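Trainee: need coordinates for the following:
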Amino acid sequence: MINPKTPTKKPYIRIMCTETAYTLRCEHVVTRTLYCSDAPSPSRQSRKERRTCNRVIRNAVPWPPPPQFGTQATCPLANCPFEERGGYWNCCWCGKEWNDQGKFGSTILTMS
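Mentor: Residues are numbered from 1 along each chain as shown. Next comes the predicted model:
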């Protein structure tokens, strides 16, 4: 018989690191990482970024990103052809102009 005054143990839930890859309008990807307490701290002697724990969860989010992503939906690449053209490009293969995404149909084409 269970004693009602004896507290029951709650299951231990381990929080894991989470990596989320957001696909941007230009089809490049930005990855955001949330680290858990089990993730090793970066070494002072190493210039490498912090590593995730062994039980990392990875997610992929297609365009458009969720509202909590904020206004940081610009490409992290310094010379992104899509961003350099103000977010619009002309297809040199079929002639379609003012494309507003990095992917045209199911193929990424050269931007003119």
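Trainee: using the record's assignment, carve this structure into domains.
Mentor: What the record gives for the chain is the domain set 14-66, 78-112, from automatic domain parsing.
Trainee: which stretch in those has the least confidence?
Mentor: Lowest mean pLDDT of those: domain 78-112, a mean of 72.
Trainee: that one: how far from the chain's middle?
Mentor: Centroid separation for domain 78-112 versus its chain: 22 Å, with C-alpha atoms, centre = their mean, to the nearest Å.
Trainee: number of nearby residues for C17?
Mentor: C17 has 20 neighbouring residues, counting by other C-beta atoms under 10 Å. Glycine gets a C-beta too; all of them are placed from N, C-alpha and C.
Trainee: how close does it sit to N79?
Mentor: Going from C17 to N79 by C-beta to C-beta, to the nearest Å gives 31 Å.
Trainee: is Y22 in a bridge, and if so with what?
Mentor: Bridge pairing for Y22 (DSSP bridges) gives the partners V30, V61.
Trainee: hmm, P64 and it touching each other?
Mentor: No: in this structure, Y22 is not within contact of P64 by C-beta atoms under 8 Å, at 9.5 Å.
Trainee: so which of the two has more stuff around it?
Mentor: Neighbours were counted for Y22 and for P64 using other C-beta under 10 Å; Y22 has more, 20 against 12.
Trainee: that one: what's it in contact with?
Mentor: Y22 sits next to V29, V30, T31, R32, V61, W63, P65, F69, A73 when contact means C-beta atoms under 8 Å, 6 or more residues apart in numbering.
Trainee: same check, this time on T23
Mentor: By C-beta under 8 Å, 6+ apart, the contact set of T23 is V29, A60, V61, P62, W63.
Trainee: ok, now with 6 Å
Mentor: V29, P62, W63 (C-beta atoms under 6 Å, 6 or more residues apart in numbering).
Trainee: with P42 instead?
Mentor: Shown in contact with P42 (C-beta under 6 Å, 6+ apart): R50.
Trainee: redo that, cut-off 7 Å
Mentor: Taking C-beta atoms under 7 Å, 6 or more residues apart in numbering, we find P42 in contact with K48, E49, R50.
Trainee: which element is it on?
Mentor: Using DSSP states H and E, P42 sits within no helix or strand.
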